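A.B. asks: my questions are about this predicted structure, shown below with the sequence.
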Amino acid sequence: MGQLIKAKDLIERRFGEKGTESREKFRDEAFSYYFGEIIKNRRKELKLSQNDLAKMVGKKRPYISRIENGEDIRISNFVLIANALNLSINLTAK
């Protein structure tokens, strides 16, 4: 059998150590992707089209598509979309 590789080590080799520019870029893109997946899954769960959601929040359908595909989202728009999808946002201290 092959050697076991930890995800942490793999990420470090591919995207650099914590605090480096490449690692921060990866982190930001990963969060954008994650938030997009949450929005897309919830929208589908509610049987809404991208156009339906766009109308609910006063945006255009291509904007919703970009968000669902991992484009960075402004916090104010994230809150609008979360409210429209009846999602809660919970911030906690580290």
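C.D. replies: Here it is on my side, so go on.
A.B. asks: and stretch 80-94, end to end?
C.D. replies: Criterion Cα to Cα, to the nearest Å; first-to-last residue distance in stretch 80-94 is 25 Å.
A.B. asks: contacts for that stretch next, please.
C.D. replies: Contact with stretch 80-94 is made by 38-39, 42-43, 46, 48, 53, 56-58, 64, 67, 73, 78-79, as judged by Cβ atoms under 8 Å, 6 or more residues apart in numbering. In short, each C-beta sits where N, CA and C put it, glycine included.
A.B. asks: what's the most distant pair in the residues you listed?
C.D. replies: The span of the contacts of stretch 80-94, defined through Cβ to Cβ, is set by I38 and G58 at 20.3 Å.
A.B. asks: in strands, which of the contacts of stretch 80-94 appear?
C.D. replies: Under the assignment DSSP state E, those contribute nothing to strands.
A.B. asks: quick one, which of those are buried?
C.D. replies: If you count burial by 16 or more other Cβ atoms under 10 Å, the buried members of these come out as 38-39, 42-43, 48, 53, 56-57, 64, 67, 73, 78.
A.B. asks: I'd like the residues you listed as a markdown table, with distance to D28 appended.
C.D. replies: Below are these laid out as a markdown table (distance: Cβ to Cβ, whole Å):
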| residue | distance to D28 |
| --- | --- |
| I38 | 16 |
| I39 | 17 |
| R42 | 22 |
| R43 | 23 |
| L48 | 27 |
| L53 | 23 |
| M56 | 27 |
| V57 | 23 |
| I64 | 20 |
| I67 | 14 |
| I73 | 11 |
| F78 | 14 |
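A.B. asks: closest one of these to D9?
C.D. replies: Lowest distance from D9 to those (Cβ to Cβ) belongs to I38, with 27.4 Å.
A.B. asks: low-confidence ranges, this protein, go.
C.D. replies: For the chain, applying pLDDT under 70 flags the ranges 1.
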